[in-house]
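# What follows is a predicted structure for the sequence shown.
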Amino acid sequence: MNTADFRTVTANLINVFKQYGREERYTNGQIIFIRNEEAKNLYFIQSGLIRVYLPYTDGTERTLCYFSGNTIIGEDAFTCPSLRIVCTNSLFNTHVYKLSADELIRQAMQSKELIRGILSFFMHKITLLHSWIFYAQFPKNEEKLACLLYTLSLSEPAIQLSHHQLASVTGMSRITTTRILNSFARKGLISVRYKKIEILDRKNLRYIFKDKGFY
């Protein structure tokens, strides 16, 4: 699942990452952090796309979600013990600012506005992640995909994910995902282009899964 744009990332919070953080760039497929390693830093994504996934002992991987520009990842740096609970790698060329959790706390202690910005962002992110877990429980594939597209559209009406990426997150095949997307397009709910889906009728897209969601 992709977070196209978290609107709650305040300019003040972004400036802290840019002023006190370290600028880094990752190429396509490059690992950013891995599960069970020590978690010290958070990352503000300036541009690009980061995949979050879990590796299994048989060599397979399960994609959990995707994060694109103007959002923050790595909040497990605030946990005790501070260990990564997932793996991440870069898709495409990705530009980030890395900031230690300790430095972010130091800066927050000097600014109530920054504290509110941090809490607002992470509360919004928790709400979205909660809904993503929920949508996976839908028995019908149409409901799963409708819920996914609706949730993503709350951040950005144009969703920049391929059919393969949508299929990876929902657990459906790419063929099934494409078939459902085409069905939604024929009904005028969405417009499908290459790696871009525009939401045209959010109300009726929402109706597909009726009152099962929470937003």
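Noted; the coordinates are in hand. What you see is a predicted model, and the numbers here were worked out from it, not measured in a lab. Numbers count the residues shown, from 1 in each chain.
# residue ranges of the helices in this structure, please?
With DSSP state H as the criterion, the chain has helices at 11-20, 101-108, 112-135, 141-153, 163-170, 174-186, 202-208.
# what about the fifth one, average pLDDT?
What that stands for is helix 163-170. If you average the pLDDT over helix 163-170, you get 78.
# Repeat that for the fourth one.
Over the span of helix 141-153, the pLDDT mean works out to 87.
# cool, the shortest one as well?
When pLDDT is averaged along helix 202-208, the result is 91.
# Flag every buried residue along that helix.
Of all the residues in helix 202-208, those buried under the rule 16 or more other CB atoms under 10 Å are Leu205, Arg206, Ile208. To be clear about C-beta, it is placed using only N, CA and C from the backbone, and glycine gets the same treatment.
# how much space between the last one and Arg179?
This means Ile208. Remark: distance between Ile208 and Arg179 (CB to CB, to the nearest Å) = 15 Å.
# just Cys65 next, same as before
Distance, Cys65 to Arg179, by CB to CB: 23 Å.
# Asn15 now?
In this view, Asn15 and Arg179 are 45 Å apart by CB to CB.
# Which of those two has more residues huddled nearby?
Arg179 (15 against 12; other CB atoms under 10 Å).
# quick one, what contacts that one?
If you count contacts by CB atoms under 8 Å, 6 or more residues apart in numbering, Arg179 has none.
# And this structure, what are its domain boundaries?
Domain ranges of the chain: 2-132, 140-208, per automatic domain parsing.
# Could you give the average pLDDT over the longest one?
Which is domain 2-132. pLDDT averaged over domain 2-132 gives 88.
# start the count at 48, not 1, going forward
Understood, numbering begins at 48; the last thing we discussed is domain 49-179.
# Can you lay out the helices of the chain as CSV showing distance to Gly95?
Below are these laid out as CSV (distance: least, CB to CB, whole Å):
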stretch, distance to Gly95
helix 58-67, 15
helix 148-155, 21
helix 159-182, 18
helix 188-200, 17
helix 210-217, 14
helix 221-233, 23
helix 249-255, 27
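# Among those, which comes closest to Arg240?
Closest to Arg240 of those, according to CB to CB: helix 221-233, at 10.0 Å.
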